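Asks: Please work out how this folds:
(2 chains)
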Amino acid sequence: MSNAGVISFPSTEQRTPCMLVLDISHSMTRKHPGSVMSGIEELNHGLRVLYDSLQDDAAALNRVQLAIVTVGGGENKAELHMNWTEAADFEPPTLVAAGNTPLGEGMRLALYHLDQQKQRLRRSGVPYTRPWIMVITDGEPTDAESVWRSVARDCQESEARKRCIIYPIAVEGAKLDKLQQLSSMPVKLLSAARFGAYFRWLSASLSLASQTNDGEPIVLDASLPWESVEPRRD
Amino acid sequence: MSLRHPSIWQLSLASVIGQSHLRESLPNQDHACALQDEAANVVAAAVADGAGSAPRALQGATLTADKFAQALLDLGRSPHLAGMDAQALHDWAVARLEAVRQQLLASGAPLHHFHCTLVACVLSPHGRWLFQLGDSAAISSRCAWNGGVDRVWFPLESTQLHAGSRGEYANETHFVTDPDWSAHLTLLPIAADRDAVLLMTDGATDLIVKRGEVFPLFLPLAVPQLVTIGARTDRDTMLAAWLADPQTHSVTGDDKTLLTILRVDRGAAPQSGPELPQALLSPVPPTVLPELPPTPPEEPRQPPPDLWPDWRWWAALAVALVLLIGPLAYGMLDSVMLDRVALLFADSAPTPKAPPPSLSVVARFEGGDRMVLSRGSSVRVRVVVAKGNQVEIEQSPTDLDLQPPDGPCLKHGSRDSQTVVCEFLVTAGGETPAGPRQLRLRVRDTGLAREQRLVLTLLVQDVLVP
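Replies: Numbering: from 1, shown residues only, chains lettered A, B, ... in the order given. Predicted coordinates for the structure are as follows:
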């Protein structure tokens, strides 16, 4: 969102909101095989790639909206790290890894802020495509089991009611079966070394989604340039 | 079926593949089924639009339209229809469509592989109903008749568009194959005075409906030609030629299906009344619908029921409307359908509000952000800025071959804001491929010495060589 004193550009073009739920727990300080950087450094690099890719894509720049919920970090909690921001105003944050992985709380926060944003768009008469939630984690949720179950149910219901599409992305170390409970979309595997490729792809996909008009959401089951193909176990 | 009772309904149907489907080597995924029992005077028709992204959409659309139309024909023949209200019919339709869904499921693939919309109608002496699920549209209209069937026009205010349901999201619609499909199935009674019912998929809607309204001259132009062509195959050929016209490629890349059901039993001329000029009554430029030699009607028409006792009043109204709206509508037609230039359509974005007296800036392309360009045509950009701001527009030369205006941009001021309209001349054509182009604007606030840079995207759908 623009701050006071900065000129805003309230375009009335259709919007594609995308919420990033990013795990910045302590485990992200690990260096992964094939990478000279830690997971969090790779993630921060990826966010800068996202910024660059969006800057090169005028359609996405005018139509994509981003928000970031972080999970873990210095405060060791789930928080709205970046409120809804036009892609044109997006500044890549530098995230610091620490703490646990309250991913359930993070998803609850993401669903809440997604709903708020849809209401804002509706009120202002701006058409929008089905929002995305990209949840990226390398660990196991540390929420209480009852919290996790309730959030997973909310996520599944939100998907079934077409409130959003949740794409679960697992980085090395993620608990796949838990992550899969958040979505009907299959969990995709991402090597921490390929965060850059992932975010470049995300920018292109958002751009595509923001311009589709053929009555169907884009389903990301085609070949993914960043996807780790090696079989993994929990 | 007996031919001793010529039907009061005349059917024409065409479905043509869209350019984007051709490019992606997809088949035409629309399907339509139109059935007629002339003896019982029943028409049952269904049109289904298979989703481009679903792998077996054509199979879904075909089974859905065929099965539902057949069920509607049986229903239309039955006197029970007269006793059914909307709820009973809704239940009936849900049961029929559930059977179709089960049949699709039995083929082994998940239902979303067969995603398709549905629009259908039954026209029967026992009742007339429209069924809709998704964004395939229907149009119904009255006709005012004068003289033979070749003299027809429409009171414009009676034309109704049933656009269908689009759902919450800009790029999604509802499908027969959705989990919550039955909640989106709508039913509407079709009034007994409707003489024309059209069913279509959204590709055809794009050609006929502009900014949420039926193009005013579409029916008056199309119907007089259709009703005078006796042979169904000739009518279908004419419709198909129109839907496949290369001019339509810049409007939609989607498959296009159009079914027209026209009442043709009101043909006899009244004994007296003013003779209206033929040119006024069927003003059909050959470029709009290709002309085919009219064939005589198959059967002598029955004398019409006296449903329009006050037909002179309607005639006067229609003439007045045509005279008043004709020049305006022809102006639109000229630019929209004939001129091949200004196919500016579907500007659904609301007009930006005038900003408060601050630094906010709103900029947009006039006529929407999708257009067809040709050398010599112009692109207009409307920028609303706070009063006192100075607008400078720069463009990245590689993106769009536009020549900025020689003189200053036009300014219109209000108390708090000013609107600046800049018109760019397109200097290239032909070589530049279609696709998104950027136009970079720099808006300078002279008072505060600040500037704002904006990037507008223009989706150029085609670049034509004049």
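Asks: residue ranges for the helices of the chain, please.
Replies: By default, I'm working from chain A. Here chain A has its helices, by DSSP state H, at A:39-55, A:58-63, A:103-123, A:145-160, A:176-180, A:195-211.
Asks: wrong one, chain B
Replies: Assigned by DSSP H, chain B shows helices spanning B:19-23, B:57-77, B:86-105, B:202-208, B:218-228, B:232-243, B:278-281, B:311-333.
Asks: Next, the contact list for the nearest residue to B:Gly127 once chain neighbours are set aside, please.
Replies: Spatial nearest neighbour of B:Gly127, chain neighbours left out: B:Leu81 (4.5 Å); criterion: CB to CB, 6 or more residues apart in numbering or on different chains. Quick note: C-beta positions are derived from backbone N, CA and C, even for glycine. B:Leu81 is in contact with B:Leu75, B:Val122, B:Ser124, B:His126, B:Gly127, counting by CB atoms under 8 Å, 6 or more residues apart in numbering or on different chains.
Asks: Any regions of the stretch 251-400 of chain B where pLDDT drops low?
Replies: Scanning the stretch 251-400 of chain B with the threshold set as pLDDT under 70 gives B:266-377, B:384-400.
Asks: Correction: the previous question concerned chain A.
Replies: Where chain A drops to pLDDT under 70, the residues are A:1-12, A:34, A:212-223, A:228-234.
Asks: If we use 80, what do you get?
Replies: For chain A, residues meeting the criterion pLDDT under 80 lie at A:1-13, A:32-35, A:59, A:124-125, A:210-234.
Asks: Over to the stretch 51-200 of chain B?
Replies: Applying pLDDT under 80 to the stretch 51-200 of chain B picks out residues B:53, B:143-158, B:165-168, B:170-172.
Asks: Near the spatially closest residue to A:Ser207 that is not a sequence neighbour, how many other residues are there?
Replies: Spatial nearest neighbour of A:Ser207, excluding adjacent residues (CB to CB, 6+ apart): A:Ala60 at 3.7 Å. A:Ala60: 26 surrounding residues under other CB atoms under 10 Å in any protein chain shown.
Asks: Show me how far stretch A:147-158 is from its chain's centre.
Replies: The chain centroid and the centroid of stretch A:147-158 are separated by 17 Å under CA atoms, centre = their mean, to the nearest Å.
Asks: how about that stretch: buried residues?
Replies: A:Val147, A:Trp148, A:Val151, A:Ala152, A:Asp154, A:Cys155, A:Ser158 (16 or more other CB atoms under 10 Å in any protein chain shown).
Asks: Distance-wise, check the fifth one relative to chain B.
Replies: The reference is to A:Asp154. Between A:Asp154 and chain B the distance is 18 Å, computed by CB to the nearest CB, to the nearest Å.
Asks: Tell me who's in contact with that residue.
Replies: Shown in contact with A:Asp154 (CB under 8 Å, 6+ apart): A:Met107, A:Arg108, A:Leu111.
Asks: correct me, but the second one touches A:Val151?
Replies: Yes. Under the contact definition of CB atoms under 8 Å, A:Arg108 touches A:Val151, with a separation of 5.2 Å.
Asks: Please measure how far the first residue of stretch B:46-53 sits from its last one.
Replies: End-to-end distance of stretch B:46-53 (CA to CA, to the nearest Å): 22 Å.
Asks: ugh, typo on my part, it should be stretch A:19-36
Replies: End-to-end distance for stretch A:19-36, by CA to CA: 28 Å.
Asks: How far away from the center of its chain is that stretch?
Replies: In terms of CA atoms, centre = their mean, the centre of stretch A:19-36 is found 14 Å from the chain centre.
Asks: near chain B at all, it?
Replies: No. Against chain B, stretch A:19-36 shows no contacts by CB under 8 Å from any CB of the partner chain, the least distance being 15.5 Å.
Asks: Please point out which parts of that stretch sit buried.
Replies: In stretch A:19-36, counting by 16+ other CB under 10 Å, buried: A:19-28, A:30, A:32, A:35.
Asks: Can I get stretch B:241-259 in CSV? Just the C-alpha atoms.
Replies: Provided in CSV are the C-alpha atoms of stretch B:241-259 (Å, rounded to 0.1, in the frame of the first residue of the first chain):
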residue,chain,number,x,y,z
ALA,B,241,-20.2,-17.6,-42.7
TRP,B,242,-21.0,-14.7,-40.5
LEU,B,243,-19.6,-16.3,-37.4
ALA,B,244,-16.4,-17.3,-39.2
ASP,B,245,-15.8,-13.9,-40.8
PRO,B,246,-12.2,-12.9,-40.3
GLN,B,247,-13.4,-9.6,-38.8
THR,B,248,-14.6,-11.5,-35.7
HIS,B,249,-11.0,-12.8,-35.0
SER,B,250,-10.1,-9.6,-33.4
VAL,B,251,-13.2,-9.6,-31.1
THR,B,252,-12.9,-13.2,-29.8
GLY,B,253,-10.6,-16.2,-30.2
ASP,B,254,-13.2,-18.4,-28.6
ASP,B,255,-15.5,-20.9,-30.4
LYS,B,256,-18.7,-19.3,-31.5
THR,B,257,-22.1,-21.0,-31.6
LEU,B,258,-25.4,-19.4,-32.4
LEU,B,259,-28.9,-20.9,-32.5
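Asks: B:His184: how many residues sit nearby?
Replies: B:His184 has 18 neighbours, counted by other CB under 10 Å.
Asks: B:Leu89 too?
Replies: Residues near B:Leu89, counting by other CB under 10 Å: 18.
Asks: How about B:Gln247?
Replies: Using other CB under 10 Å, B:Gln247 has 18 neighbouring residues.
Asks: ok, now the one 3 residues further on?
Replies: Taking other CB under 10 Å as the neighbour definition, B:Ser250 ends up with a count of 22.
Asks: how close does it sit to chain A?
Replies: 15 Å.
Asks: Report the separation between that residue and B:Gln19.
Replies: 9 Å (CB to CB, to the nearest Å).
Asks: what sits opposite B:Leu161 in the beta ladder?
Replies: B:Ile139 (DSSP bridges).
Asks: residues in contact with it?
Replies: B:Leu161 sits next to B:Ala137, B:Ala138, B:Ile139, B:Val209, B:Gly212, B:Glu213, B:Val214 when contact means CB under 8 Å, 6+ apart.
Asks: what do you get if the cut-off is 10 Å, keeping everything else the same?
Replies: B:Ala137, B:Ala138, B:Ile139, B:Ser140, B:Ser141, B:Leu198, B:Thr205, B:Ile208, B:Val209, B:Gly212, B:Glu213, B:Val214 (CB atoms under 10 Å, 6 or more residues apart in numbering or on different chains).
Asks: a markdown table please, covering these and showing neighbour count.
Replies: Shown next, in a markdown table, are these (neighbours: other CB atoms under 10 Å in any protein chain shown):
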| residue | neighbour count |
| --- | --- |
| B:Ala137 | 24 |
| B:Ala138 | 25 |
| B:Ile139 | 23 |
| B:Ser140 | 23 |
| B:Ser141 | 24 |
| B:Leu198 | 29 |
| B:Thr205 | 25 |
| B:Ile208 | 19 |
| B:Val209 | 20 |
| B:Gly212 | 9 |
| B:Glu213 | 11 |
| B:Val214 | 20 |
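Asks: got the contact list for B:Thr186?
Replies: Listed by CB under 10 Å, 6+ apart, the contact set of B:Thr186 reads B:Ala86, B:His90, B:Ala93, B:Val119, B:Leu130, B:Phe131, B:Gln132, B:Leu133, B:His162, B:Gly164, B:Ser165, B:His174.
Asks: Check A:Val187 too.
Replies: Counting by CB under 10 Å, 6+ apart, A:Val187 touches A:135, A:167-170, A:174-181, A:232.
Asks: Tell me which of the helices of chain A is the most buried.
Replies: With neighbours defined as mean count of other CB atoms under 10 Å in any protein chain shown, these peak in mean count at helix A:58-63, which reaches a mean of 24.
Asks: Determine how far that helix lies from the middle of the whole chain.
Replies: On the basis of CA atoms, centre = their mean, helix A:58-63 sits 18 Å off its chain's mean C-alpha point.
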